[in-house]
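*Asks:* Sequence and predicted structure below; questions after.
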Amino acid sequence: MFTGLIEATGRIDTIARSDRGGRLRLRTALGAELRPGDSLAVDGVCLTVTERDASGITADLAPATLAVTTFGDMRDGRLVNLERPLRADARLGGHFVLGHVDATSHIVSFDDEGECAWLVIEVPRGLEPLVVEKGSIAIDGISLTIASLAPGRLAVQIVPFTRAHTALAEAAVGDAVNVEADVLGKYVARLVAAQPASAPSRPVPSVSGQTS
């Protein structure tokens, strides 16, 4: 479980892919604080550390991960967002992020407005019912608030601190991003979809003509 509050950024040193999966080597100062077996969210994807040293970590990529996340096409040298799992005694400052990416999307525009910026991405197919204005969404692992919705698109506003301390510092129009919808919305949608159709109402029996 994560919060979407990015702790640090790292840079992909190497990423290798095959039909059987993949492996990435990530340069990060967090390597000294992690151990093999620990979880780490990398651009919003929950990965398991397999090796680590003072300069970074190594993690394996399952075929399913390559198929549904940006790791399928990610290039060496990319700046990525990093977050360790939420501690049970820690404050929840963002929202519940599982690190289970729903789909990938693309940046449509990234325009400055004063000191802030508007980030617009495509809404991945099938996620429309799970995104609402003022609701939460994780984009490359960053917990963000949906400011506005348009057909096939959503917009979030990025404050200077977020832009400076996440991989958004190097983001550009056309870049692929990982998207995870709010898990609470997923459970509500599933619950509603699983409800049986309402039974037809029956007429209330007439009580006219009855005697005491």
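*Replies:* Great, that's in hand.
*Asks:* pLDDT weak spots in the protein?
*Replies:* Within the chain, the stretches with pLDDT under 70 are 197-212.
*Asks:* all strands of it, in order?
*Replies:* In the chain, the strands defined using DSSP state E lie at 8-18, 21-27, 39-42, 45-53, 56-61, 79-83, 103-113, 116-122, 136-139, 142-150, 153-158, 176-181.
*Asks:* who does the third one pair up with?
*Replies:* The reference is to strand 39-42. Note on strand 39-42: by DSSP bridges, its sheet partners are strand 45-53 (antiparallel), strand 79-83 (antiparallel).
*Asks:* Identify each buried residue in the longest one, please.
*Replies:* Using 16 or more other CB atoms under 10 Å as the burial criterion, the residues of strand 45-53 that qualify are 45-47, 49, 52. Backbone N, C-alpha and C define where each C-beta goes, glycine included.
*Asks:* will you turn those residues into TSV that also has distance to Arg87?
*Replies:* Shown next, in TSV, are the buried residues of strand 45-53 (distance: CB to CB, whole Å):
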residue	distance to Arg87
Val45	20
Cys46	16
Leu47	18
Val49	17
Arg52	19
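*Asks:* Out of the residues you listed, flag the one nearest to Val68.
*Replies:* Nearest to Val68 among the buried residues of strand 45-53 is Val45, at 9.2 Å by CB to CB.
*Asks:* my guess is the closest one meets Val101, correct?
*Replies:* Yes - counting by CB atoms under 8 Å, Val45 touches Val101, with 5.7 Å between them.
*Asks:* between these two, what contacts are shared?
*Replies:* Here Val45 and Val101 have 69, 178 as joint contacts, going by CB atoms under 8 Å, 6 or more residues apart in numbering.
*Asks:* Run through who's touching stretch 75-84.
*Replies:* 2-15, 26, 28, 30, 33-34, 38-44, 140-142, 166-167, 169-170.
*Asks:* let's see it at 7 Å
*Replies:* Residues outside stretch 75-84 that contact it (CB atoms under 7 Å, 6 or more residues apart in numbering) are 2, 5-15, 28, 30, 40-44, 140-142, 166-167, 169-170.
*Asks:* could the strands of the chain be laid out in TSV, adding distance to Val192?
*Replies:* What follows is those, written out as TSV (distance: least, CB to CB, whole Å):
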stretch	distance to Val192
strand 8-18	38
strand 21-27	36
strand 39-42	29
strand 45-53	27
strand 56-61	34
strand 79-83	31
strand 103-113	21
strand 116-122	25
strand 136-139	19
strand 142-150	20
strand 153-158	21
strand 176-181	15
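*Asks:* how does the protein divide into domains?
*Replies:* Segmentation of the chain into domains, based on automatic domain parsing, reads 8-83, 103-185.
*Asks:* of all those, which lies closest to Ala193?
*Replies:* Shortest distance between Ala193 and those, using CB to CB, is found for domain 103-185: 9.6 Å.
*Asks:* so how far is the closest one off the chain centroid?
*Replies:* 10 Å (CA atoms, centre = their mean, to the nearest Å).
*Asks:* So Ile158 sits against Leu168, correct?
*Replies:* Yes - using CB atoms under 7 Å, Ile158 is in contact with Leu168, at 6.1 Å.
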